[in-house]
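**Q** Everything below, folded, please.
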Amino acid sequence: MLTRRGLLVATTAGLAAPAIIRPAVAATPKNIVVMAKAIDDIIGAFDPGEGYETTNSEVCGNIYRRIVLPDFRDANKIVGDTAEKWEVSKDGMVLTFHIRPGMLFDNGKTVTAEDAAFSLQRVVKMNKTPGFILTQFGYTKDNVDKLIVAKSDSVMEMTLPTLQATTFVLYCLSANCASVVEKARAMANEVNGDLGNAWLRTHSAGAGNYRLVEWQASEHIILEANPHAAVKPHISRIVMRHTVEPAAQLLLVQKGDVDIARDLGADQLKSLGESPDYTYAEKEQLQAMYIALNMGIPQFQKTEALEAIKWAIDYDSIAKNITPHVWGVWQAFLPKGSPAAIPDKPFKKDIAKAKALLAKAGFPNGFEVTLDYFAKSPYSDVAQALQANLAEVGIKVQLQSGEQKQVISKHRARQFQMLINTWSPDYVDPNSNTQAFCSDADDSDNSKLKIPAWRGHFVNKELTDAVVVAAKELDAKKRTDMYEKMERESLNIAPFVYLLQQVEVATMRKGVTGLTIGLLPDYTRYTQIVKA
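**A** Predicted coordinates for the structure are as follows:
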C-alpha cells in the first residue's frame, strides 16, 4: 500500500505541480464502500460455473471459496482454501481432499465434501464457457459422478480419467469455476435440469466473505458481508457503480461520491500527483492487452501478413504516450510473473520490414480491415494509434467500438477481422495461456474449446500436440522448457499481437485502505477494506 504515488515521481519530476481538487467530506456512509468501475464486460453473470469475464470473476472471488488457491505471496505455491489438505496417490491418478471443518455458507449451513463434489460435477455437466478447465482432463457428464465423489462429509475424492501433472490439476482447482456452491440451494432453484444456473446468475450460494445482493447490468453490483464468514469483513456493504470513463471516475472520487476509483488512466493518476488526499493499491497483474487476427479472412491466411502487422506497430510509443505506468510492453503469451514466462520482446516498429512482408504475402498495396475495440479509455486511444501505425504500411483500418460485452461476444462468435481484447489466465499454471493461444484441435463450430486460438482459426498441429504433452509432464524443469519453446515458436506464426501487460491501480480517498489487488482479478479481495 502506498501513501504517495511513488511510481509517478519520474513523470512529475521537474514539472509544475498539477492543480488538485480537494475533496469534501466523504458522502458515502462509513459502513459502505462505493467503487467506480467499468462493469459492462459481464456476460456469464455470477454463476461461477458460467461466469468468465473480469468483473464477475473478481466478484465471485469474494463470494465463493475455491478448492485450493495459489499462495498470494508466492504464486508458485498452492495452499488450501475449502480443502485444508490433500493427498495424491503414487500413480498421480487420485487426489483426496479433506474439507476444512467449521466452514459455513452465507445461510449458516455447513460446507461439506458433497457440496465440493457437486460444484465440480455441475461445471462439467453444464459445460458452459469455463467448463473446459475440467473437461480437458477427460471428465464428461457421463463419468464425472463416478470419478468425483464425496467419500464422507469431509472427504472428496477426485480420480483423473487420464494422467496429468499434479500441479496443473491443482491450479485448475483454483480457477473461478472450482468455486464451491451450496448443493441444496442450487438444486432447490433448479429449472428444467439447469442445476440452478439461471438462479445463480443473479444470486449467490457461497461461503466467501460477501454475498450478492443485487446486479443491474451496466449499472451497479451490490454485495453485503456474509454473517457467517470465517473472516468478518470490516465493511458491511460493497457497491460497484458502473462508470466507463476514467475522467468521470476521477471526478466522482474527488467529490466524495465514491470511495475508490478502479480504472483511472495515466492522465488521471498524474493529475493527482503527490496529493496526500489519496492512497493507492496496485499490482502488476497477469492481464494482457492483445490484438486478435482472424485467420478465417484472406488477409490473415499467410504468416507474412501476420508478421507485417507485428512489425508495423510502435509498441514503446503506445506504452509511453497512452498507458504510462498502467500498461507496459510485453510480447509473449505468458505474462510477466507467470511460471515459464519469457522476457523476449522481438518486435518494434520497422516500416520497411512490414512493407516487405506485406508484399511477400501478396499485398504490396496493403488491404482494408476492421478493428473492434472497447469504447473506453485506453482502448480507444490504442485503437487510433494502431490505425495510424498500420496506415503507414498501407493497411486501412476501419475502427468499430462497442461495449466490452459486445466486443467479447463478437470475438467468441468469430465475427471479427481484427479485435483488441484483454486476457487473464484462468489459473496460474502456464497451461492456461499456452492452451488458449496455441491449441486448436477442432476448428469446427462444435469445438469444445472455444478459446482464442479457435476464435482466430489458428490451427497448428505441432503446437496443439505440444500443449497436450506439456500438461502431462511430471518433471518441472522439462515442463518449463516446453512452455518456453512454445512461446518462441508461436511468436511469428500465431494470429496474435501481444501489446501490453496491465498494472492494476486502485485509487482510494484518504482514510480508505485495505483493498488487496490480486495477481488475477479473481484474487482481488475486499475483506480488509476499512474507512477511517
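**Q** Please enumerate the strands of the stretch 401-532 of the chain.
**A** Assigned by DSSP state E, counting those that start in this stretch, the strands in the stretch 401-532 of the chain fall at 418-423, 496-509, 512-513, 530-531.
**Q** Any chance of TSV for these, columns mean neighbour count and mean pLDDT?
**A** To be clear about C-beta, it is placed using only N, CA and C from the backbone, and glycine gets the same treatment. Putting the strands of the stretch 401-532 of the chain into TSV (neighbours: other Cβ atoms under 10 Å; pLDDT from 0 to 100) gives the following:
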stretch	mean neighbour count	mean pLDDT
strand 418-423	23	96
strand 496-509	22	96
strand 512-513	20	96
strand 530-531	16	96
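**Q** so which of those strands comes closest to I313?
**A** Proximity of the strands of the stretch 401-532 of the chain to I313 was assessed by Cβ to Cβ; the nearest stretch is strand 496-509, lying at 6.7 Å.
**Q** and the residue nearest to the spatial centre of the chain, backbone torsions?
**A** Most central residue of the chain, judged by C-alpha distance to the mean C-alpha position with Cα atoms, centre = their mean, is S424 at 3.3 Å. With angles defined as degrees, to the nearest 10, S424 shows backbone torsions of phi -120, psi 140.
**Q** my guess is it meets P521, correct?
**A** Yes: in this structure, S424 sits in contact with P521. The criterion is Cβ atoms under 8 Å, and the distance is 6.1 Å.
**Q** Now do the contacts for the residue nearest to the centre of the chain.
**A** Counting by Cβ atoms under 8 Å, 6 or more residues apart in numbering, S424 makes contact with 54, 57, 285-288, 520-521.
**Q** got it, and Q387?
**A** Neighbouring residues of Q387 by Cβ under 8 Å, 6+ apart: 371, 397, 399.
**Q** Name the helix or strand for it, please.
**A** In this assignment (DSSP states H and E), Q387 forms part of helix 379-391.
**Q** Can you point out the buried residues in that helix?
**A** Along helix 379-391, these residues count as buried under the neighbour rule (16 or more other Cβ atoms under 10 Å): 379-383, 385-386, 389-390.
**Q** Would you mind checking which of those is nearest to Q501?
**A** Ranked by distance to Q501 (Cβ to Cβ), the buried residues of helix 379-391 are led by V382 at 13.5 Å.
**Q** gap between the closest one and N321?
**A** Shown here: V382 relative to N321, a distance of 10 Å by Cβ to Cβ, to the nearest Å.
**Q** do the same with I99
**A** As defined by Cβ to Cβ, I99 lies at a distance of 51 Å from N321.
**Q** OK, contacts around the residue nearest to Q435 when sequence neighbours are not counted?
**A** Computed as Cβ to Cβ, 6 or more residues apart in numbering, the closest residue to Q435 that is not its neighbour in sequence is V467, at 5.1 Å. Neighbouring residues of V467 by Cβ under 8 Å, 6+ apart: 431, 434-435, 438-439, 486.
**Q** domain assignment for this structure?
**A** Using automatic domain parsing, the domains assigned to the chain come out as 6-33+210-280+505-531, 54-200, 285-502.
**Q** which of I99 and N321 has more neighbours?
**A** Between I99 and N321, counted using other Cβ atoms under 10 Å, the more crowded position is I99 (26 against 12).
**Q** Report the beta-bridge partners for that one.
**A** I99 has these beta-bridge partners by DSSP bridges: A83.
**Q** and it, how far is that from I67?
**A** The span separating I99 from I67 equals 9 Å under the rule Cβ to Cβ.
**Q** Give the residues shared as contacts by those two.
**A** Common neighbours of I99 and I67, using Cβ under 8 Å, 6+ apart, are 82-83, 116.
**Q** For Q249, state which of those is nearest.
**A** Within the set of the shared contacts of I99 and I67, T82 lies nearest Q249; the separation is 34.7 Å, counting by Cβ to Cβ.
**Q** ok, that closest one touching L69?
**A** No: using Cβ under 8 Å, T82 is not in contact with L69, being 9.4 Å away.
**Q** Now do whichever strand or helix holds K283 against strand 418-423, angle only.
**A** Taking DSSP H and E as the definition, one finds K283 inside strand 278-293. Going by axes from the mean of the first three to the mean of the last three Cα atoms, to 10 degrees, strand 278-293 is angled at 140 degrees with respect to strand 418-423.
**Q** how far out from the middle of the chain is stretch 374-390?
**A** The gap between where stretch 374-390 is centred and where its chain is centred comes out at 21 Å by Cα atoms, centre = their mean, to the nearest Å.
**Q** Just the CA trace of it, in CSV.
**A** Taking C-alpha atoms only, stretch 374-390 is exported to CSV below (Å, rounded to 0.1, in the frame of the first residue of the first chain):
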residue,chain,number,x,y,z
PHE,A,374,-13.8,-1.4,-26.2
ALA,A,375,-15.4,2.0,-26.3
LYS,A,376,-13.5,3.3,-23.3
SER,A,377,-10.0,4.5,-22.4
PRO,A,378,-7.3,3.4,-23.0
TYR,A,379,-8.6,1.1,-25.8
SER,A,380,-10.0,3.9,-28.0
ASP,A,381,-6.6,5.7,-27.9
VAL,A,382,-4.7,2.5,-28.5
ALA,A,383,-7.0,1.7,-31.5
GLN,A,384,-6.4,5.1,-33.0
ALA,A,385,-2.6,4.6,-32.6
LEU,A,386,-2.8,1.2,-34.3
GLN,A,387,-4.9,2.7,-37.1
ALA,A,388,-2.2,5.3,-37.7
ASN,A,389,0.7,2.8,-37.5
LEU,A,390,-0.9,0.4,-39.9
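**Q** Cool, thanks, signing off.
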